[in-house]
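Asker: how would this look folded up:
(chains A and B)
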Amino acid sequence: MANRIERRLDNGLMVLIEPLNRPAVATSLLLPTGAAADPLGAEGSANLLHAWCQRGAGGRDTRAVNEALENLGARRGGGAARESTSWTLSCLGADWSEAIALLADTVLDPTLPDDALEPCRALALAELAGLEDQPAQKLLVELTRRYFPTAFGRQLMGTVESVGAFSADALRAHQRAVCCPEGAVLSIAGGIDPDSALARVQALFGDWAGQATALPPAEPRTEPLYEHVEATTEQVHLGLMYGDVPPTDPLRYHGQMAVQVLSGGMGARLFTEVREKRGLCYSVGASALAVRSHGYVVVRAGTTTERSAETLEVMIGELRRLPGTVTADEVERSRVRLLSNEVMNDESTGSRAGRAALDWLWLGRVRSPEEVRAGIEAVGADSLNAYLADHRPERFTVATLGANFTWPAGLAL
Amino acid sequence: MRYDRTTLANGLDIVGEYNEEALSMACGFFCRTGARDETAAESGVSHFLEHMMFKGTDRLSYDDINKTFDAIGARYNAFTSEENTVYYGQVLPEYQERLLGLLSEMMRPALRGSDFDMEKNVILEEIAMYADQPLCVAADHCRELHYGGHGLGQRVLGTNESIKALTRDQMADYFDRRYASDNLTLAFSGRYDWDAAVAQVAKACGGWSPSGAARNLASVVAGVGATTLRYDRFQQVNVYLMAPGLAAQDDRRLTASIAAAAIGSGDASRLHWALVDPGLAESAGLYHDEEDQNGTFSGVLVCQPEGVERAVEVYKAELERAQRDGLTADEVKRAQRRFGSAAVFQAESPLSRLVSVGMDWVYRGRITAIDEWLERLRAVTVDDCNALLAERPFDKLAMVSVGPVGEPSSSI
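Answerer: Alright, predicted model coming up:
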């Protein structure tokens, strides 16, 4: 197998190519801009532009582009996130050269036709209405908004007001301002010849120019907060967030390991204490999340009203109990889980391409499997307890959503 | 790729698709049982039992089981459908023996009364969780309308009432009938050690008894009609549609899947152009699902309340146009390419391959290699698709809409 390529084009676009002996090819283009860059009053711009860009490009209309992609068996995807916007493409190696040209048109030369804006707006409004019918997702939105009081906490889809007020010209101007090669990463993994792939990328993306303005700082909340959102639902949804080290910190593996101890599998603490021992809910779990400058943990559960106060109490109790109590057995299980996950993720071409792109965006380099392995292996029970003494789960932002929830008596934030 | 197969004296089938390129292995028990095999009084027992299988054996507690899965770094879970219950794990090859030992041991659970009572709460919570998801509500009601009194229309989770009334003894009796050696298949995929696995399974599972478990395979008389269930607490209208399709054992099932995809999967399908592209619906799709000696076309439509009448009209008009005028060769070709690429990506993971291998065996008693499957996919012609559509499957349409529309009298 040929070697991998890491090359920065003159316009600033970073190109990562990992050749693999398999038929599939996954491509991931990450732009360092997202909802946090949406203009004030035009929240949801990045999300809407992602949809509008798929309404014809390179001089061809929507139907011609979509049919051309499907004729190649290629799938285009991605979306706008808080500080990044992704475009993905999956296809077979033999079709990649043609398919990547269609993706390049979509990103660099979208038609953005007036007559397609209204359907895009209608779909964005429908998505917003749909969110009201998904209480678990709605809770996450409400929680994030409170955890990041800045532009980072925005609802990605915007609001009914902002989506309703979008103008075609302002959106086009925003697209020109943010869709730039400087700081962007194009990551390709799978069955292709890396040298010809690089030449193809150079030909298609080499003339792209521009530099996007920097994003505002993330600035998460530092003081505890609790708010309830009343909703007519069968279950009450409970969620909380707290800060951890950013992905750029070498201690990130300790943070990951702590989340494994809490929620790495069915034998981890949250599932055992909340579901297995007490039968309080069906779903409970913690996940590590991050933006470049900040890592954070989200813990969530959904349960009916009569069990909800106890569920929240047990959840918070487990978080507070964590420092100083992690055992060697727990670390060993978490270590094997994380190491196994690394290998199993590597089986997926899409995961390889996506991971390399994200590494580059966050770290300015791609971690080798050896580096990741060494990082995980370096965590022991003592070092994890010491880490947790310095990085206690605390100063929670808590949000609840549902009907008739009462905060547990005696639980202080 | 290499294909392995053996059967123990007690009827337990063991099958595998070995892939030396894989970095991991996966295995799982496929029990030929689900909601369709329950009596009305047992409604929900298959799925509740699936939870109880993780609660321990005479020797192991739930904590032992969970911590063992975690200690070997497994990706593991289980799922229950209308006709299959599957327990699976994926690990690095060095953990095969421990994974297989654990899964085999779990298949003979203790079903302790105290665990049963505790887990009942979790099942009721799961029912409440799905009751908050309008598409699931619509699907449940549509299945009841389409299948009439047939077992395939029974709810996998059961209802609050059936779960509250269910006893531990009813579950134990169901277990004895259904989890017999001749009603189970053990499947492997990825980079596994076949000889070691067979020796281990013979020892661990050779003492299980067969039961001659049968299944009622009476044909479905497809229910036709449209119902609107008014739920003021939902914002959007979720519509679920069903029509008769082709069985898992029918050679034309791939033709049905391709036809469904040309009509309703992806950004170049007819439903996309008619409904999503102009912004009339947030999503609109059509799929084909195969079942044991039965099959269905299933459709989904999500839209805003003010546009639902128009969207349903357009959706139905597209189904009618497809069965009246047929599809074009280009449309069929695109659907084939879409399936072909997706299958190649899917085959990268031993876990997703495991489900294909296991289901292939359970339904058809054989394993189809990816290359053979791709050849069969490419062999389907536009004429095949149009002959199938000319049988007018969508004339027998069942449709249920759930959302803030309709007569207050139909409110729930």
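
Asker: leaving out chain neighbours, which residue sits closest to the residue nearest the centre of chain B?
Answerer: Chain B has B:Ser81 as the residue nearest its centroid, 5.1 Å off, counting by C-alpha atoms, centre = their mean. Sequence neighbours aside, B:Gly34 is the residue nearest to B:Ser81 in space, at 5.2 Å (criterion: C-beta to C-beta, 6 or more residues apart in numbering or on different chains). In this view, the C-beta of every residue, glycine as well, is placed from N, C-alpha and C.

Asker: and that neighbour, how many neighbours?
Answerer: Burial of B:Gly34 is recorded as 26 neighbouring residues (other C-beta atoms under 10 Å in any protein chain shown).

Asker: so it sits against B:Val156, correct?
Answerer: Yes - using C-beta atoms under 8 Å, B:Gly34 is in contact with B:Val156, at 6.9 Å.

Asker: shared neighbours of these two, anything?
Answerer: B:46, B:80-82 (C-beta atoms under 8 Å, 6 or more residues apart in numbering or on different chains).

Asker: contacts only, for the most centrally placed residue in chain A.
Answerer: In chain A, the residue lying closest to the centroid (C-alpha atoms, centre = their mean) is A:Ala81, at 6.4 Å. Contact partners of A:Ala81, counting by C-beta under 8 Å, 6+ apart, are A:34-35, A:156.

Asker: quickly note the distance from it to chain B.
Answerer: 20 Å (C-beta to the nearest C-beta, to the nearest Å).

Asker: which segments of the chain make up each domain?
Answerer: Looking at chain A here, since you left the chain open. What automatic domain parsing lists as the domains of chain A is A:5-205, A:225-402.

Asker: looking at chain B here, not the other one
Answerer: Taken from automatic domain parsing, chain B resolves into B:2-205, B:225-410.

Asker: those domains into JSON lines, with extra columns for mean pLDDT and distance to A:Ala42?
Answerer: Output for those, formatted as JSON lines (pLDDT from 0 to 100; distance: least, C-beta to C-beta, whole Å):
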{"stretch": "domain B:2-205", "mean pLDDT": "97", "distance to A:Ala42": "30"}
{"stretch": "domain B:225-410", "mean pLDDT": "96", "distance to A:Ala42": "20"}
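
Asker: out of those, which is closest to A:Arg321?
Answerer: Across those, A:Arg321 has its closest neighbour in domain B:2-205 (17.2 Å, C-beta to C-beta).

Asker: roughly how far apart are A:Arg76 and A:Pro181?
Answerer: Distance, A:Arg76 to A:Pro181, using C-beta to C-beta, to the nearest Å: 19 Å.

Asker: what about these two, which has more around it?
Answerer: A:Pro181 (24 against 21).

Asker: tell me the SS of B:Val156?
Answerer: coil (DSSP: H, G, I helix; E, B strand; the rest coil).

Asker: OK, contacts around it?
Answerer: Counted by C-beta under 8 Å, 6+ apart, B:Val156 has contacts B:34-35, B:44, B:46-47, B:80-82.

Asker: most neighbours of all these, which one?
Answerer: Counting neighbours by other C-beta under 10 Å, the top entry in the contacts of B:Val156 is B:Ser46, with 29 neighbours.

Asker: ok, now which ones touch that one?
Answerer: Neighbour list for B:Ser46: B:33-35, B:37-38, B:80, B:85, B:156, B:174, B:178 [criterion: C-beta under 8 Å, 6+ apart].

Asker: 6 Å instead?
Answerer: B:33-35, B:80, B:85 (C-beta atoms under 6 Å, 6 or more residues apart in numbering or on different chains).

Asker: chain A contacts on the stretch 201-350 of chain B?
Answerer: B:233-236, B:267-268, B:278-279, B:282, B:304, B:334, B:337, B:340-341, B:344-345, B:348-349 (C-beta under 6 Å from any C-beta of the partner chain).

Asker: list buried residues within those.
Answerer: Buried subset of those (neighbour count, 16 or more other C-beta atoms under 10 Å in any protein chain shown): B:234-236, B:267-268, B:279, B:282, B:304, B:334, B:337, B:340-341, B:344-345, B:348-349.

Asker: between these, which is closest to A:Leu363?
Answerer: Nearest member of these to A:Leu363, counting by C-beta to C-beta, is B:Glu348, at 25.7 Å.

Asker: where's the residue nearest to A:Thr33 when sequence neighbours are not counted relative to chain B, distance?
Answerer: Spatial nearest neighbour of A:Thr33, chain neighbours left out: A:Val178 (4.2 Å); criterion: C-beta to C-beta, 6+ apart. Distance, A:Val178 to chain B, by C-beta to the nearest C-beta: 24 Å.

Asker: these two touch, right, A:Val178 and A:Gln211?
Answerer: No - counting by C-beta atoms under 6 Å, A:Gln211 is not a contact partner of A:Val178; they are 10.3 Å apart.

Asker: looking at the two, which one has more neighbours?
Answerer: Of the pair A:Val178 and A:Gln211, A:Val178 is the one with more neighbours under other C-beta under 10 Å, namely 21 against 12.

Asker: so what's A:Asn214 scoring on pLDDT?
Answerer: Residue A:214: Ala, not Asn. Note for A:Ala214: predicted pLDDT of 86.

Asker: which SS state does it fall under?
Answerer: coil.

Asker: strands along the stretch 51-200 of chain B, start to end?
Answerer: All strands of the stretch 51-200 of chain B, identified by DSSP state E, counting those that start in this stretch, fall at B:75-80, B:85-91, B:184-190.

Asker: from the contact counts, what lies against the second one?
Answerer: Using 3 or more C-beta pairs under 6 Å, 6 or more residues apart in numbering or on different chains; DSSP states H and E as the contact criterion, the elements in contact with strand B:85-91 are strand B:25-31, strand B:75-80, helix B:96-106.

Asker: so can I have CSV of those showing distance to chain A?
Answerer: Shown next, in CSV, are the helices and strands packed on strand B:85-91 (distance: least, C-beta to the nearest C-beta, whole Å):
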stretch, distance to chain A
strand B:25-31, 10
strand B:75-80, 6
helix B:96-106, 11
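
Asker: tell me which of these is the most buried.
Answerer: strand B:25-31 (a mean of 26; mean count of other C-beta atoms under 10 Å in any protein chain shown).

Asker: quick one: it to chain centroid distance?
Answerer: Counting by C-alpha atoms, centre = their mean, to the nearest Å, strand B:25-31 is centred 15 Å from the centre of its parent chain.

Asker: now do that strand against strand B:184-190, angle only.
Answerer: 160 degrees (axes from the mean of the first three to the mean of the last three C-alpha atoms, to 10 degrees).

Asker: mind giving me the packing neighbours of strand B:25-31?
Answerer: Counting contacts by 3+ C-beta pairs under 6 Å, 6+ apart, strand B:25-31 packs against strand B:85-91, strand B:184-190, helix B:350-364.

Asker: quick one: strands adjacent to it?
Answerer: strand B:85-91 (antiparallel), strand B:184-190 (antiparallel) (DSSP bridges).

Asker: closest to A:Arg200 out of those strands?
Answerer: In terms of C-beta to C-beta, the element of the strands paired with strand B:25-31 nearest to A:Arg200 is strand B:184-190, at 33.0 Å.

Asker: what count of nearby residues applies to the closest residue to A:Leu312 other than its chain neighbours?
Answerer: Distances taken as C-beta to C-beta, 6+ apart place A:Leu238 nearest to A:Leu312, at 5.1 Å, with adjacent residues excluded. Neighbour count of A:Leu238, defined by other C-beta under 10 Å: 26.

Asker: and A:Leu238, which of the three is it?
Answerer: Secondary structure assignment for A:Leu238 (three-state DSSP): strand.
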